[in-house]
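J.: Sequence and predicted structure are below.
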Amino acid sequence: MKLLITGASGLFGSKLAEMAMTKGCEVYSGYNQEEPAFGTPIQFDIVNENRVKEVFKKLNPTVVVHAASLTDVDKCETNRALAWKINVEGTKHIAIATKASYAFLVYISTDYIFNGEAGQYKETDSPDPINYYGLTKLRAEEIVKDLMNDYCIARPSVIYGSHATADKINFALWVLNKLNRNEHAKVVANQWNSPTLNTSLAAMTLEIIKRKLTGLFHLSGATRISRYEFAKLIAQTFNLNEDLIVPSTLSEFSWAAKRPTDSSLNTSKAQQTLRTKPLYIHEALEQFKLELTQKKKNTAKSSATSC
């Protein structure tokens, strides 16, 4: 299988490339600025339609996972032209090129396509985004549906993992860094989602690719939890001082974009369909801890060797 991943330098894309390689896939890792750690690096900007066509013509992939996106929610709100160009037009370029290559497309969307008034959203629930980021991701979903025959749309929620990307640190690592420095972490207590370990999302994505499952899947973690409770569980998992975690409310933050109050996802379809099940929060955090521990051991071994 010849797999092309866009956004392969990101938290999810890099993990997917790493895991796909261990399964013997021929992995091409698309990126715009930061060169990926895994796979054969292919530099291109998804906004550049001609460059996208050039890359696809050269590689002729059999599977494409489109994870490249502008995910900074506030930046999407304040720079709507850029958000539309990357998230909507960029996705259209990828979808057209994927279809021309007769390849299978997996598009990575978001829980933020929902308004957050109900929570535990199923794949059959109607989207109603309340910020521009969510709107662009919804429009991209619609483009994929309109243009593609063989596709899967996957919606995760609050992706976290054991490494930081060049442009930002994920929520779980941010909490750990705060607590390890004995600093207070101000965390929203009245916002709920379904935190998704990048390793779990990558594993489920690989099964979807292998079985060529089509349609729409909520591939988030299996637990609905508030940001505050999630932070507390992180502290407990790593035996850190959870009293440093300070509860706050959404209204206390002066964000440019509105956040849905409860964008948690119902993963029943994935639980019933996939052999690789969405992880519940405790097992996901144990996996997260294991990965961080192994990463520290590898770093220590590497330092000892270089000395």
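T.: Ah, there it is. Numbering: from 1, shown residues only.
J.: what helix or strand is residue 269 on?
T.: helix 268-273 (DSSP states H and E).
J.: what about that helix, distance to the chain center?
T.: 19 Å (CA atoms, centre = their mean, to the nearest Å).
J.: Also stretch 157-168?
T.: Relative to its chain's centre, stretch 157-168 lies at 8 Å (CA atoms, centre = their mean).
J.: Mind listing residues that contact that stretch?
T.: 9-12, 14-15, 33-34, 72, 110-111, 170-173, 193-199, 201, 220-221, 230, 263-265, 288, 291-292, 295 (CB atoms under 8 Å, 6 or more residues apart in numbering). The way it works is simple: take the backbone N, C-alpha and C, and place the C-beta from them, glycine included.
J.: likewise stretch 130-141?
T.: Here stretch 130-141 makes contact (CB under 8 Å, 6+ apart) with 69-73, 76-77, 80, 83-84, 86-88, 91-92, 107, 109-110, 112-116, 127, 129, 153, 257-260.
J.: Show the buried residues in these.
T.: The neighbour count (16 or more other CB atoms under 10 Å) marks 69-73, 76-77, 83-84, 86-88, 91-92, 107, 109-110, 112-116, 127, 129, 153, 257-260 as buried among the contacts of stretch 130-141.
J.: quick revisit: and the contacts of the helix holding residue 269?
T.: For helix 268-273, the surrounding residues in contact (CB under 8 Å, 6+ apart) are 122-123, 204, 213, 217-219, 222, 277-278.
J.: List the buried residues of it.
T.: In helix 268-273, counting by 16+ other CB under 10 Å, buried: 269-270.
J.: element containing the closest residue to residue 242 other than its chain neighbours?
T.: In this structure, residue 242 finds its nearest non-sequential neighbour in residue 235, 3.8 Å apart by CB to CB, 6 or more residues apart in numbering. Using DSSP H and E, residue 235 maps to helix 227-237.
J.: Buried residues in that helix, which are they?
T.: Neighbour-count burial for helix 227-237 flags 227-235, 237 (criterion: 16+ other CB under 10 Å).
J.: helix or strand right after it?
T.: Next along the chain after helix 227-237, taking DSSP H and E as the criterion, comes strand 245-248.
J.: helices or strands next to that next one in the packing?
T.: For strand 245-248, the elements it packs on are strand 185-188, helix 227-237, judged by 3 or more CB pairs under 8 Å, 6 or more residues apart in numbering; DSSP states H and E.
J.: In the sheet, which strands lie alongside that strand, parallel or antiparallel?
T.: With DSSP bridges as the test, strand 245-248 is paired with strand 185-188 (parallel).
J.: Beyond the partner strand, next helix or strand please.
T.: Next helix or strand after strand 185-188 toward the C-terminus (DSSP H and E): strand 192-193.
J.: Check the contacts of helix 268-273 for burial and list the buried ones.
T.: Buried subset of the contacts of helix 268-273 (neighbour count, 16+ other CB under 10 Å): 123, 204, 213, 217-219, 222, 277-278.
J.: Please report phi then psi for residue 265.
T.: Main-chain torsions, residue 265, degrees, to the nearest 10: phi -110, psi 140.
J.: same check, this time on residue 121
T.: phi -70, psi 140.
J.: quick one: it and residue 245, what's the gap?
T.: Distance of residue 121 to residue 245, computed by CB to CB, to the nearest Å: 27 Å.
J.: which stretches of this structure aren't confidently modelled?
T.: The chain contains residues with pLDDT under 70 at 166-167, 299-307.
J.: which stretches of the stretch 1-150 of the chain form helices?
T.: Here the stretch 1-150 of the chain has its helices, by DSSP state H, counting those that start in this stretch, at 11-22, 49-59, 73-78, 80-83, 90-100, 132-147.
J.: How far off centre is the fifth one?
T.: Read that as helix 90-100. That offset, for helix 90-100, works out to 20 Å (CA atoms, centre = their mean).
J.: same thing with stretch 11-26?
T.: The gap between where stretch 11-26 is centred and where its chain is centred comes out at 14 Å by CA atoms, centre = their mean.
J.: Mind listing what's buried along it?
T.: Quick answer for stretch 11-26 (16+ other CB under 10 Å): 11-21, 25.
J.: is it possible to export the residues you listed to TSV including distance to residue 251?
T.: Below are the buried residues of stretch 11-26 laid out as TSV (distance: CB to CB, whole Å):
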residue	distance to residue 251
11	28
12	30
13	34
14	35
15	34
16	36
17	40
18	40
19	40
20	42
21	45
25	46
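J.: returning to that earlier point: helices and strands around the helix holding residue 235, which ones?
T.: Against helix 227-237 (3+ CB pairs under 8 Å, 6+ apart) you get helix 171-180, strand 185-188, strand 245-248, helix 281-306.
J.: I'd like those as CSV, with distance to residue 138 and mean neighbour count appended.
T.: Shown next, in CSV, are the helices and strands packed on helix 227-237 (distance: least, CB to CB, whole Å; neighbours: other CB atoms under 10 Å):
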stretch, distance to residue 138, mean neighbour count
helix 171-180, 23, 19
strand 185-188, 23, 18
strand 245-248, 28, 17
helix 281-306, 26, 13
